[in-house]
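# sequence-free structure coming up:
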């Protein structure tokens, strides 16, 4: 197994999710399968992960970066259109934990 | 304490760009909640970040001012963590290719505190916790930051404060940030561990987060060192934790267990291409750097002849140094200008913030006009001080306040030689006076007053003339 149950527990904690023991067992197996699949992709690329990394290593010159000029922001009702806003704020009920 | 402090400081400095790091929203402080936002800085699906050129330029500027090596190739990484202030659930930061590395800040003692790295990243939103709810304002989300990470070279609370103070001053001089700690545009995290003197190994460290004043840095280092020493003395072990400094109780308390960098699952951000900077561009930025505070300090002492104490006070605030140099350029003398600033102008300013802001009602040229009167001994220093005070209160120029009686006019030596000259040139008049024609002395008064443009003190002239004539 490439992934242990402890690792899944830790990931769940970092993602602020909680699971039952049964779910953890199931996710461990599923994650293991996913990682194994990703490993197959890795092996099929010549040069392995270094090669994948170099895809992100394409460079743009400094001169082509975005100039520091202000553009209008979106109206706050648009920004909040998918949520229930509270006086212009995003609002969350705090978890009891 | 039987331990040695091993401390490093991570400093977040908000860059003074007009727009955010990955979108064109304004970085202006304040504003109604969520009005400086767009799909990019609120992490809406499908939005794409575009890196702000000025952020890279300012970070390089900061790196050069802190003696760093500039990496001409760099890229952005994702730092994953889940918290409502971060709408994407990751922060775009830099991990293994920061823009700047291996610099230092020199303390007054000559000790150098190493700078490990400086990287660019985005700020998070602001959370307000109230009655079981959390309210989120993303105006700050995406505001550009540089994180300046020091080596664990700091070994006392005083050194920690001096390091942060110097860092703040340099950032202000080069104009990349206003570094207002009370507004959060400069925040420090203190990493600290203890070890027995001579022990080559580091102890377990804690990180005290978001310290927002220079004096709290000093206090937090002391409080955390004492807390750790108490635990170690009692045979306990230090837990790697994130701590909070509480200024009210002057104590450090745990916030949460600290993540390791593994927990952040860094990887290169596939939405942003890496970027490269020509050596020539780096040199161009280097050439644009102003004279830095420490160099200015040395010049004020070695070239201008100021004392260390005065030089230190003048360089401590960028605007004060500019005002001082402006007055010198207008012809004011170094000594009088420096003394009047430190003595009179500073006495009107109670706080560091006021000195930093240096919002005074007169220009450097108006100040220089006053200083020159003192330089030429036309007014004595007491009159100069009181006049300056009136100028500061009213914003009016020196001419409004200097009355004829304030003018010393002319030195005693000059007056004496003019009186002698008047006697030599008017021997007949002198003889008349000696023969009892007392009114003839008016002729001599006239001579002296004409020569001095009417500025001489008439009683003094009379006394001198009578002394020389022998009456």
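Arrived safely. For clarity, every value in this text was computed on a predicted model and none was experimentally measured.
# residues touching the residue located most distally from the centre of chain A, list them.
Distance from the C-alpha centroid of chain A, by C-alpha atoms, centre = their mean, peaks at residue A:63 (30.2 Å). Residues in contact with residue A:63 (C-beta atoms under 8 Å, 6 or more residues apart in numbering or on different chains) are B:53, B:281. All C-beta atoms are positioned from the backbone trio N, CA, C, and that covers glycine.
# tell me the secondary structure for it?
helix (DSSP: H, G, I helix; E, B strand; the rest coil).
# what's the helix or strand for residue 78?
Defaulting to chain A. helix A:76-79 (DSSP states H and E).
# Wait, chain B was what I had in mind.
Assigned by DSSP H and E, residue B:78 falls in strand B:77-80.
# what lines up beside that strand in the sheet?
strand B:90-93 (antiparallel), strand B:267-268 (antiparallel) (DSSP bridges).
# Can you flag the weakest of those strands by average pLDDT?
Note on the strands paired with strand B:77-80: lowest mean pLDDT is at strand B:267-268, with a mean of 90.
# Name the residues of chain A found near chain B, please.
A:10, A:14-16, A:53, A:55-63, A:65-71, A:73-76, A:79-80, A:85-94 (C-beta under 8 Å from any C-beta of the partner chain).
# The residues you listed in strands, which ones?
In this view, the residues of chain A next to chain B that belong to strands under DSSP state E are A:59, A:60, A:61, A:85, A:86, A:89, A:90, A:91, A:92, A:93.
# Pull out the buried members of the residues you listed.
A:85, A:89, A:90, A:91, A:92 (16 or more other C-beta atoms under 10 Å in any protein chain shown).
# Same list (the strands paired with strand B:77-80) but as CSV, adding mean neighbour count.
Shown next, in CSV, are the strands paired with strand B:77-80 (neighbours: other C-beta atoms under 10 Å in any protein chain shown):
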stretch, mean neighbour count
strand B:90-93, 20
strand B:267-268, 18
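# Residue A:90 reaches residue A:81, doesn't it?
No - if you go by C-beta atoms under 8 Å, residue A:90 and residue A:81 don't touch, sitting 11.6 Å apart.
# pLDDT score assigned to the residue lying closest to residue B:243 once chain neighbours are set aside?
In this structure, residue B:243 finds its nearest non-sequential neighbour in residue B:208, 4.3 Å apart by C-beta to C-beta, 6 or more residues apart in numbering or on different chains. Looking at residue B:208, its pLDDT stands at 95.
# Pull the number of nearby residues for residue B:190.
For residue B:190, the neighbour count with other C-beta atoms under 10 Å in any protein chain shown is 28.
# need the next SSE after whichever strand or helix holds it, C-terminal direction.
Per DSSP H and E: residue B:190 is located in strand B:186-195. Using DSSP H and E, the next helix or strand after strand B:186-195 towards the C-terminus is strand B:206-211.
# Please identify the pairing partners of that next one and their relative orientation?
Strand B:206-211 has these strand partners (DSSP bridges): strand B:186-195 (antiparallel), strand B:241-246 (parallel).
# May I have the beta-bridge partners of residue A:59?
Bridge pairing for residue A:59 - DSSP bridges - gives residue B:274.
# tell me which helix or strand of chain A sits lowest on mean pLDDT?
Using mean pLDDT, DSSP states H and E, helix A:48-55 stands out as the lowest-scoring helix or strand of chain A, at a mean of 57.
# so the nearest residue to residue B:47 once chain neighbours are set aside, which of the three states?
Distances taken as C-beta to C-beta, 6+ apart put residue B:39 closest to residue B:47, at 3.9 Å, once the chain neighbours are dropped. Secondary structure assignment for residue B:39 (three-state DSSP): coil.
# packing partners for the longest helix seen in chain B?
Assignment by DSSP state H gives helix B:214-233 as the longest helix of chain B. The contact analysis (3 or more C-beta pairs under 8 Å, 6 or more residues apart in numbering or on different chains; DSSP states H and E) places helix B:214-233 against strand B:4-14, helix B:157-174, strand B:186-195, strand B:206-211, strand B:241-246, strand B:251-257.
# of the ones you listed, which approaches residue B:293 most closely?
helix B:157-174 (5.0 Å; C-beta to C-beta).
# any low-confidence regions in chain B?
B:256-262, B:403-409, B:453-455 (pLDDT under 70).
# domains of it?
B:4-281, B:291-406, B:412-469 (automatic domain parsing).
# did I read that right, residue B:63 in a helix?
Yes - using three-state DSSP, the assignment for residue B:63 is a helix.
# Please name the nearest non-neighbouring residue to it.
Using C-beta to C-beta, 6+ apart, the closest residue to residue B:63 is residue B:100 (2.9 Å).
# Same check on residue B:156?
Nearest to residue B:156 is residue B:5, by C-beta to C-beta, 6+ apart, at 6.1 Å.
# residues contacting residue A:71?
B:19, B:23, B:24, B:25.
# so what's the third one closest to, chain neighbours aside?
The reference is to residue B:24. residue A:71 (3.4 Å).
# which parts of the helix holding residue A:78 are buried?
Going by 16+ other C-beta under 10 Å, helix A:76-79 has these buried residues: A:76, A:79.
# cool, stretch B:197-204 as well?
So, applying 16+ other C-beta under 10 Å, buried residues of stretch B:197-204: residue B:203.
# how far does it stretch from start to finish?
15 Å (C-alpha to C-alpha, to the nearest Å).
# any idea how far that stretch is from the chain center?
Remark: stretch B:197-204 is offset 35 Å from the chain centroid, using C-alpha atoms, centre = their mean, to the nearest Å.
# top helix in chain A by residue count?
Per DSSP H, chain A has its longest helix at helix A:21-44.
# list the helices and strands that helix packs on?
Against helix A:21-44 (3+ C-beta pairs under 8 Å, 6+ apart) you get helix A:5-14, helix A:48-55.
# still on that earlier bit, so for the residue nearest to residue B:24, what's the pLDDT?
97.
# I'd like to know how far it sits from residue B:309.
49 Å (C-beta to C-beta, to the nearest Å).
# Quick one: neighbours of residue B:33, just the number.
24.
# so what's it up against?
A:76, A:87, A:88, A:89, B:135, B:137, B:139.
# Need the nearest residue in space to the spatially most central residue of chain A, chain neighbours excluded.
Geometric centre of chain A, nearest residue: residue A:15, 9.6 Å, by C-alpha atoms, centre = their mean. In space, and not counting its chain neighbours, residue A:15 is closest to residue B:82: 5.5 Å by C-beta to C-beta, 6+ apart.
# got any ranges where chain A has weak pLDDT?
A:1, A:45-57, A:95-97.
# run the last query once more with 90
For chain A, applying pLDDT under 90 flags the ranges A:1-3, A:7, A:10-18, A:33-59, A:82-87, A:91-97.
# what about the helices in the stretch 1-150 of chain B?
Assigned by DSSP state H, counting those that start in this stretch, the stretch 1-150 of chain B shows helices spanning B:53-65.
# For it, what lies in contact range of chain A?
B:17-19, B:23-26, B:32-39, B:42, B:50-57, B:73, B:75, B:80-82, B:84, B:128-129, B:132-138.
# Going through those residues, which ones are buried?
B:17, B:19, B:23-26, B:33-38, B:42, B:51-57, B:75, B:80-81, B:84, B:134-138.
# Correct me if wrong: residue B:62 contacts residue B:176.
Yes - assessed by C-beta under 8 Å, residue B:62 is found in contact with residue B:176 at 5.4 Å.
# Common neighbours of these two, please.
In contact with both residue B:62 and residue B:176: B:13, B:146, using C-beta under 8 Å, 6+ apart.
# Please report how far the closest residue to residue B:134 other than its chain neighbours lies from residue B:334.
Leaving out its chain neighbours, the residue that sits closest to residue B:134 by C-beta to C-beta, 6+ apart is residue A:92, at 4.5 Å. Going from residue A:92 to residue B:334 by C-beta to C-beta gives 59 Å.
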